[in-house]
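[1] here is my input; please provide its structure:
(one chain, ligands or ions: 1)
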Amino acid sequence: MEDVDVAIIGGGPTGLAAGLYAARAQRRAVVWERGVLGGQIAITGTVENYPGFPDGVEGPILALDMHRQAEQFGMETKYEGITSIKREPEGSHFLLDSPDGAYRARVVIVAAGADPVKLSVPGEEEFTGKGVSYCATCDGAFFKDEIVAVVGGGDAAIEEAIFLTRYASHVYVIHRRDQLRASKILQERAFANDKIEFLWNTTVEAISGADDVDAVTLRDVHTDERRPLEVGGIFIFIGHHPNSELLGDLAKLDEGGHAFVNLWMETEQPGLYVAGDVRVDSARQLASAVGDGVTAAIRAERYLQNEYDPAG
Ligand code: NAP
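    Sure, this is the predicted structure:
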């Protein structure tokens, strides 16, 4: 069993920011990442709304730089998933399991982020990786001169639809309402883009094809009329759900699975923090994700110094 001071679950911006601060506080800070470092920004194109980058910054590059910066101060990285977190039966530490071993941590910061919500329609699972994608930055280039569809009306859907016009000949944005929730600046850009066509009040009922996606079945939500639409690919951006399963009974969750925390990212368990997209009321922005990680790490350091009295 290895001892760590600050165990950080998730190597996205929240976890990397927490790791930077914990390492600079000279704690043994370990980040566990089961997928790709950077989380959602690793699969984002140009980030234009992170302060300090007036010309924008490529998400994957920013992710690697955040990681390098934290490692320079001693943060360690383990490319494994944590499979369980428990409180030590006697004592104040947490016990963590992962495929590479067991760990004992004084503080745990859960910054496990969120995964894309699935449409849950026939064909979605079957054609994932064969025309169904949740990442335009990763897969867009495979659709050169093809017709593709994007599902959703939020920032992610509109931003990625614009990105896809670099490759695709035509991009349908299929949205279940007649108004977008995406920010106005993105809306204006999409409306001005000749390659983008909006299909309002429309849902996708099924995804079909032979080897790869050939078509989707659309449904008009007002008339219930169904019709096929030929597309070579479909990109689904209908939100994310938090990766909070690991928390088990350690923290209270809302109906959507987000953990309740206070303004310091503290759960009711002393030493357990939840930050970023996993917590309730997150602004779900890169800048706020980083802020959450910093807040959790600063509070965790106070806790480690025993300056913080949970009963006080
Ligand atoms: P989101 O803002 O929650 O939008 C989800 C979209 O999917 C909504 O338009 C929603 O429709 C639609 N939707 C949800 N469930 C659906 C279903 N079952 N079938 C069809 N459509 C469905 O999610 P997001 O776009 O992933 O963004 C998440 C957060 O990240 C947001 O806070 C966003 O601002 C942020 N973000 C920011 C940027 C940026 O600033 N550049 C980029 C990406 C993401 P309704 O509108 O009808 O509910």
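[2] how about the closest residue to the ligand within the stretch 151-300 of the chain, what does it touch?
    Going by Cβ to the nearest ligand atom, the ligand is nearest to residue 154 of the stretch 151-300 of the chain, at 2.4 Å. All C-beta atoms are positioned from the backbone trio N, CA, C, and that covers glycine. Residue 154 makes contact with 180-182, 237-239 under the criterion Cβ atoms under 8 Å, 6 or more residues apart in numbering.
[3] filter the residues you listed down to the ones close to the ligand.
    Checking the contacts of residue 154 against the ligand by Cβ under 6 Å from any ligand atom, the ones in range are 181, 237-239.
[4] ok, and the most crowded of those residues?
    Using other Cβ atoms under 10 Å as the neighbour test, these are led by residue 237, with 25 neighbours.
[5] now the contacts of residue 154 in JSON lines, with pLDDT and secondary structure?
    Below are these laid out as JSON lines (pLDDT from 0 to 100; DSSP: H, G, I helix; E, B strand; the rest coil):
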{"residue": "180", "pLDDT": "98", "secondary structure": "coil"}
{"residue": "181", "pLDDT": "97", "secondary structure": "coil"}
{"residue": "182", "pLDDT": "97", "secondary structure": "coil"}
{"residue": "237", "pLDDT": "96", "secondary structure": "coil"}
{"residue": "238", "pLDDT": "97", "secondary structure": "coil"}
{"residue": "239", "pLDDT": "91", "secondary structure": "coil"}
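[6] so which residues on the stretch 201-312 of the chain come close to the ligand?
    With the criterion set to Cβ under 6 Å from any ligand atom, the stretch 201-312 of the chain comes near the ligand through 203, 237-240, 284.
[7] of the residues you listed, closest to residue 5?
    Nearest to residue 5, judged by Cβ to Cβ, of those is residue 284 at 28.4 Å.
[8] would you mind giving the secondary structure of residue 299?
    Using DSSP: H, G, I helix; E, B strand; the rest coil, the structure places residue 299 in helix.
[9] that one - nearest residue in space that isn't next to it in sequence?
    Closest residue in space to residue 299, ignoring its immediate chain neighbours: residue 264 at 4.3 Å, by Cβ to Cβ, 6 or more residues apart in numbering.
[10] contacting residues for that neighbour?
    Going by Cβ under 8 Å, 6+ apart, residue 264 touches 273, 295-296, 299.
[11] how about the strands in the stretch 51-200 of the chain?
    57-58, 76-78, 84-87, 94-98, 101-110, 114-116, 132-133, 147-151, 170-174, 196-199 (DSSP state E, counting those that start in this stretch).
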